[in-house]
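**Student:** sequence and predicted structure, then a few things I'm wondering about:
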Amino acid sequence: MKAFYSDLQIEHKPNYFIANGMKLPNPEVPGRIDILMAGARNSACEFESPSDAGLAPIAAIHTAEYLAFLKSIHARWSRIEGSSDEVIPNVHPANRTDSYPKSAIGQAGYHQADTACPIAKHTYKAAYWSAQSAIAAADAVKNGEPRSYALSRPPGHHAFADLAGGFCFFNNSAIAAQRLLDHGLKPAILDVDVHHGNGTQGIFYSRSDVLTVSIHADPARFYPFFWGHSHERGEGDGTGANLNIPLPRGTGDDDYLEALANALERIGDNASDVIVISLGLDAHIDDPFKGLSVTTEGFARIAEAIKAINLPLAIIQEGGYVSSALGGNLTAFLDGTI
């Protein structure tokens, strides 16, 4: 299987995030890369560096204002007397229609949804190349590969068009889907991360050209809280083009596979001809976020069910945090698609 990753992605090295009012070590560490790469190579993935497709595929999803913010905010933040090493917001607008401030502090609050997406000196560069890896995976499928894998890190599915969140800055899966759409294909995004892909939903919520499907832990008491509920079906032209399947905390393999069958049926009804998989491995029973209870064997079964519908797959890495099972979970999933 062709796989894509740039060494520049490792340069995003966040130290902390804030959860439950506490400053905690950030779990989205560069060490994830080594574990995931070893897991992918154990599934016979052959890695290559992505070509630079430029900013246009990213700008097809993200606003110019947001791109300018990500490029400049760390340097501007660093000029504030007494500022932290990483950009972490402390004030937010009540609505996206509120006034846009000139200050770095205000813009951080406008463009960062939460305190789990700290921006450091090299975050923009790493996120840019994470997106390029996803673009390369989409191009490989467009050029006839039956499946491809992007080790996209930092991840992407919590990033909206103009908003970072949940360790995410550019929405790699949305960028890949748009790339496939621009090449005349009809993509569906299937998100199997333990957390709802709220940024992906937000980007396509009023559109009918990309079906978005997410299976995740019930957000009633789990991040991202405000999105991912079953009544969210899309709006305007996108009504009916968004499907959320929230699962009770602790759901295991069999019930997850039942939900997946419903998701795949919707993708079939959409007549999609390619699937972008937002591959979170954090649904595993031993993942630090403890949302669901999928086993390593369960990831193999999930992949086999997806393979059975016989569509090309662009597999984009999302979550899955450091545990003894992380690499094996990726190997099991990728093996199941072959």
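**Tutor:** Perfect, I can see it now.

**Student:** ok, Ile135 touching Arg179?
**Tutor:** Yes: if you go by Cβ atoms under 8 Å, Ile135 and Arg179 touch, sitting 5.6 Å apart. C-beta: built from backbone N, CA, C; applies to glycine.

**Student:** got a list of contacts for stretch 78-91?
**Tutor:** Under the contact criterion Cβ atoms under 8 Å, 6 or more residues apart in numbering, stretch 78-91 has outside partners 14-18, 73-74, 77, 104-106, 108-109, 112, 115, 118-120.

**Student:** touching both of Ile135 and Arg179, which residues are there?
**Tutor:** Residues touching both Ile135 and Arg179 (Cβ under 8 Å, 6+ apart): Pro57.

**Student:** so which residues of the stretch 101-250 of the chain form helices?
**Tutor:** For the stretch 101-250 of the chain, the helices defined by DSSP state H, counting those that start in this stretch occupy 104-111, 123-142, 172-182, 198-204.

**Student:** remind me what the last one packs against, helices and strands.
**Tutor:** Meaning helix 198-204. Secondary-structure packing of helix 198-204 (3 or more Cβ pairs under 8 Å, 6 or more residues apart in numbering; DSSP states H and E): helix 172-182, strand 187-191, strand 211-217, strand 242-247.

**Student:** which one, of those, ends up nearest to Ala53?
**Tutor:** helix 172-182 (8.2 Å; Cβ to Cβ).

**Student:** state the distance from the nearest residue to Ala60 once chain neighbours are set aside to Tyr5.
**Tutor:** Among residues not flanking Ala60 along the chain, Gln178 sits closest, at 5.0 Å (Cβ to Cβ, 6 or more residues apart in numbering). In this view, Gln178 and Tyr5 are 21 Å apart by Cβ to Cβ, to the nearest Å.

**Student:** got the buried residues for the helix or strand that contains Glu297?
**Tutor:** Counting by DSSP states H and E, the element that carries Glu297 is helix 296-307. Buried residues in helix 296-307, counted by 16 or more other Cβ atoms under 10 Å: 296, 298-303, 305-306.

**Student:** on that earlier part again, right, and the residue nearest to Ala60 touches His62 too?
**Tutor:** No: using Cβ under 8 Å as the test, Gln178 is too far from His62 to be in contact (10.4 Å).

**Student:** can I assume Pro312 is in contact with Val276?
**Tutor:** No: between Pro312 and Val276 no contact is recorded; they are 9.9 Å apart, counting by Cβ under 8 Å.

**Student:** between those two, who's got more neighbours?
**Tutor:** Using other Cβ atoms under 10 Å as the criterion, Pro312 and Val276 rank with Val276 on top: 33 against 19.

**Student:** hmm, Asn172 and that one touching each other?
**Tutor:** No: contact criterion Cβ under 8 Å: Val276 and Asn172 do not qualify, at 9.2 Å.

**Student:** now do the shared contacts for the two.
**Tutor:** Shared contacts of Val276 and Asn172 (Cβ under 8 Å, 6+ apart): Ile316.

**Student:** just confirm Gly328 is within a strand.
**Tutor:** No: looking at Gly328 with DSSP: H, G, I helix; E, B strand; the rest coil, it is helix, so not inside a strand.

**Student:** for it, what are its contacts?
**Tutor:** Contacts of Gly328 by Cβ under 8 Å, 6+ apart are 39, 296.

**Student:** ranges for the strands of this protein?
**Tutor:** 2-4, 16-19, 22-25, 46-48, 147-150, 187-191, 211-217, 242-247, 274-279, 313-317 (DSSP state E).

**Student:** same list, those, but as TSV with mean pLDDT and distance to Asn90 please.
**Tutor:** Shown next, in TSV, are those (pLDDT from 0 to 100; distance: least, Cβ to Cβ, whole Å):
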stretch	mean pLDDT	distance to Asn90
strand 2-4	98	36
strand 16-19	91	10
strand 22-25	92	13
strand 46-48	97	39
strand 147-150	98	33
strand 187-191	98	30
strand 211-217	98	28
strand 242-247	98	30
strand 274-279	98	29
strand 313-317	98	30
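
**Student:** on that earlier part again, how about the helices of the stretch 101-250 of the chain in TSV, adding mean neighbour count, distance to Val87 and mean pLDDT?
**Tutor:** As requested, the helices of the stretch 101-250 of the chain are exported to TSV (neighbours: other Cβ atoms under 10 Å; distance: least, Cβ to Cβ, whole Å; pLDDT from 0 to 100):
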stretch	mean neighbour count	distance to Val87	mean pLDDT
helix 104-111	20	5	98
helix 123-142	26	8	98
helix 172-182	27	21	98
helix 198-204	27	18	98
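
**Student:** nearest to Leu163, out of the ones you listed?
**Tutor:** helix 104-111 (5.9 Å).

**Student:** check which helices and strands the closest one is in contact with.
**Tutor:** Using 3+ Cβ pairs under 8 Å, 6+ apart, helix 104-111 sits against helix 64-78.

**Student:** unless I'm mixing things up, Asn270 is touching Val213, no?
**Tutor:** No: the pair Asn270 / Val213 is not scored as a contact, 9.0 Å apart, by Cβ under 8 Å.

**Student:** list the buried residues of stretch 45-55.
**Tutor:** 45, 47, 50, 53.

**Student:** for those, which one is nearest Ile33?
**Tutor:** Phe47 (11.0 Å).

**Student:** quick one, what contacts the closest one?
**Tutor:** Per Cβ under 8 Å, 6+ apart, neighbours of Phe47: 3-5, 37, 40-41, 151.
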